[in-house]
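> From the sequence below, what's the structure:
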Amino acid sequence: MSNSNFWLAHEPEGKFNLLELANTQRAITNFVKILTEREIKVDFHANNDSDSMTDGKRITISSTINMHNLDSVVGTALHEAAHCKYTNFSVLKYIKNSLYEQKIESGHDMVATLLNFIEDRRIDHLMYKDAPGYQIYYRSMYERYFYSKTVDKALKGPEYREENWESYLFRIINIFNKNTDFDALKCLPTIYKAIDLKNIDRLKNTKDSLGLAITLYKLLSMHFMTMTPQERKEQNKLNNYHSKNNNPPSKEETKKVFAKQEQFVNGKIHKTGSSKKEINQIEAINKSNIKEDRISAVDKNGVKRSDCKVHIIDGITESLLDSNLYGIFNQTDFLHRDNIDEGINLGKKLLRKLQITNEQVTLASKRLKSGKIDARRVYAANFENDIFYKIDRANYKPISIHLSIDGSGSMQGEKWKQVLTNTIALGYVSLHMKNIDLTISIRTTGVDPSLSSQTAHIPLLVLAFDSKKHTLRDLKKLARYKTYGLTPEGMCLNALSKYIPNSSYYLDSYLINMSDGFPTFESSKFVYKGKTAILDTAKAVNNIKKKGVNVLSYFIETDIVSIKTNELIKDFRTMYGKSATFIDPKNVHQITKTLNNLFLKRDLVS
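So this is what the prediction gives:
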């Protein structure tokens, strides 16, 4: 079982899709922030970006992630985060200067590799001590890159037993493997003693690690310099004599594993890249806080499915608009700019009528036996007078309205223009009224970024506006929305339920629905339409009503030549109740009038 199962929403099958990659990136970013106590960007490696190691300011991870390698990916990111926290990158940058001070004229690459190896040991020790909760990810990382059957066999085998730099580097990198053979090379025991892993915390910083790396380099340089060719030949023969593996891996296989380890030590781990487009889409998912909800729905055959997916977009961000992740936004607001201005002007007119609900009712009760002293009565008081007073204050009862709009393709044209104008008006009012909260959501379908096919659609619930946290600028972004897709009515309402607050003594909660069609959604494995979808939507609406939420639903009429009017009315009221109303597209302002009357209710709470 992957340790990441504890924070994954669900266990993906196969390679992670864009949404799953974004969730993983978000989780790793949080881990890195906790570890480093800094805002360090975690990115996926781009195909045309060769910098795949941390520079202390950002961390890159591979985009080829599945449940099999997820823990090791997290471990690698944490390892790079530890470098960001503990490593002095200027020391790594100016190794040549240090070698010059030590009067060493060559060996830069070898010293750099030895330094990276020692620095890894130093920061890993700090990680294990300061962040024990991350040890499981570290172990997965080392199991992937160091602790393999190939390495175990190779350490006992005949490869890398010659007295040269390459052999020593392979043996040093794996010196703490339980299968290490200290008889493989003459100076290996001396090097092991010099590293002294049990007391690695004696190295207080990267400069200390460099000092040890230079010491090891000098030790080996002197060893090679003092050996004659004959001595080297005899020592190689003795080293091979100690080989204990009769079934070693091939030379090519061993070299491949060693190359992988050397890349890790030098911070050049191979990472499968993503295209710039995919990276922009992942960024859009993260910045828009897009989530995947699993809801229950009934297919056209009456079979209940409990694993139906609905993507929830929390807010219309700039990155979402720029990437057009689901194909539901226009490039500019040109088409609906006039509707936005018209809606704001309408909102200003409504606001002037609604100022009464911002008032506070104050009642002062005087001549009481207890409370606060009335200073105006003290001068005339005697022992028989009551000189206390109390002030009672009451506010108009807050109203929470969730305005949910059908954003499917059939709403385009005059219908959407009218709906948008009135929606903007109500949004403007909510921004200026302290006890009216308005949330606007759009129900539709979009191109599924989790799948490669451009015809694969996913139900979408766009939480486009929330007066408690958004501004007029956010409200205006509705002008960029493009009516598109199908009508996954009940599926989206099931996902929407958790975002609508319960009614209570202190709050009136409403769901206002505007739509022009009936539940329809089709994918390769799931068809949602017909009578079963209508009943499923009715059930979703009833579940919302059980929370004490008042549901007002408006059917914006369209050409219904192919549908019997009586049947249409019956089915719509089956879904939303007897209070469901049918209105002409040109009279959408009727909805605004209804809500205007709703706002003027004078229910007081203390």
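> how many neighbours does His10 have?
Neighbours of His10 under the rule other C-beta atoms under 10 Å: 11. Backbone N, C-alpha and C define where each C-beta goes, glycine included.
> Counting neighbours, what do you get for Leu568?
Leu568: 16 neighbours (other C-beta under 10 Å).
> Surely it forms part of a strand?
No - applying DSSP: H, G, I helix; E, B strand; the rest coil, one finds Leu568 to be helix, outside a strand.
> Now do the strands in the stretch 151-300 of the chain.
291-298 (DSSP state E, counting those that start in this stretch).
> just the helices in it please.
For the stretch 151-300 of the chain, the helices defined by DSSP state H, counting those that start in this stretch occupy 165-173, 188-195, 206-226, 229-241, 251-265, 276-287.
> Tell me how far the fourth one lies from the chain's centre.
Right, the one you point to is helix 229-241. Its chain's C-alpha centre and that of helix 229-241 lie 57 Å apart, by C-alpha atoms, centre = their mean, to the nearest Å.
> Repeat that for the third one.
The offset between the C-alpha centroid of helix 206-226 and the centroid of the whole chain comes to 45 Å, using C-alpha atoms, centre = their mean.
> Can you give the contact residues for it?
Contact with helix 206-226 is made by 86-88, 91-92, 95, 98-99, 102, 104, 107, 110-111, 114-115, 117-119, 122, 163-165, 168, 172, 186-187, 190-191, 194-195, 202-203, as judged by C-beta atoms under 8 Å, 6 or more residues apart in numbering.
> Between the helices of the stretch 151-300 of the chain, which one is closest to Pro519.
helix 276-287 (26.4 Å; C-beta to C-beta).
> So for Ile282, what's the nearest residue that isn't a sequence neighbour?
Among residues not flanking Ile282 along the chain, Ala22 sits closest, at 4.8 Å (C-beta to C-beta, 6 or more residues apart in numbering).
> Quick one, which of the helices of the stretch 151-300 of the chain gets closest to Asn66.
With C-beta to C-beta as the yardstick, what comes closest out of the helices of the stretch 151-300 of the chain is helix 276-287 (16.3 Å).
> can you pull up the bridge partners for Asp466?
Thr439 (DSSP bridges).
> Give me the number of neighbouring residues for it.
The tally of other residues near Asp466 (other C-beta under 10 Å) stands at 19.
> remind me, longest helix of the protein?
helix 108-130 (DSSP state H).
> Contacts made by that helix with the rest, please.
Under C-beta under 8 Å, 6+ apart, the answer for helix 108-130 is 35, 78-79, 82-83, 85-87, 92, 95-96, 99, 104, 134-135, 138, 165, 169, 172-173, 195, 197, 200-201, 203, 206, 208-210, 212-214, 216-217, 262, 265-267.
> Repeat the analysis, applying 6 Å as the threshold.
Counting contacts by C-beta atoms under 6 Å, 6 or more residues apart in numbering, the residues outside helix 108-130 that touch it are 82, 86, 95-96, 135, 200-201, 203, 206, 209-210, 212-213, 216-217, 265-266.
> Same question for stretch 241-261.
By C-beta under 6 Å, 6+ apart, stretch 241-261 touches 150-151, 153-154, 156-159, 170, 173, 183.
> hmm, back to that, columns distance to Gly56 and mean pLDDT on top of the helices of the stretch 151-300 of the chain, output as TSV?
Below are those laid out as TSV (distance: least, C-beta to C-beta, whole Å; pLDDT from 0 to 100):
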stretch	distance to Gly56	mean pLDDT
helix 165-173	23	94
helix 188-195	25	95
helix 206-226	11	93
helix 229-241	40	93
helix 251-265	18	88
helix 276-287	21	78
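> what would the ones you listed look like in a markdown table with mean neighbour count and distance to Lys498?
Listed next are the helices of the stretch 151-300 of the chain as a markdown table, based on neighbours: other C-beta atoms under 10 Å; distance: least, C-beta to C-beta, whole Å:
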| stretch | mean neighbour count | distance to Lys498 |
| --- | --- | --- |
| helix 165-173 | 20 | 51 |
| helix 188-195 | 15 | 55 |
| helix 206-226 | 17 | 49 |
| helix 229-241 | 13 | 67 |
| helix 251-265 | 16 | 44 |
| helix 276-287 | 19 | 20 |
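> Alright, that wraps it up for me.
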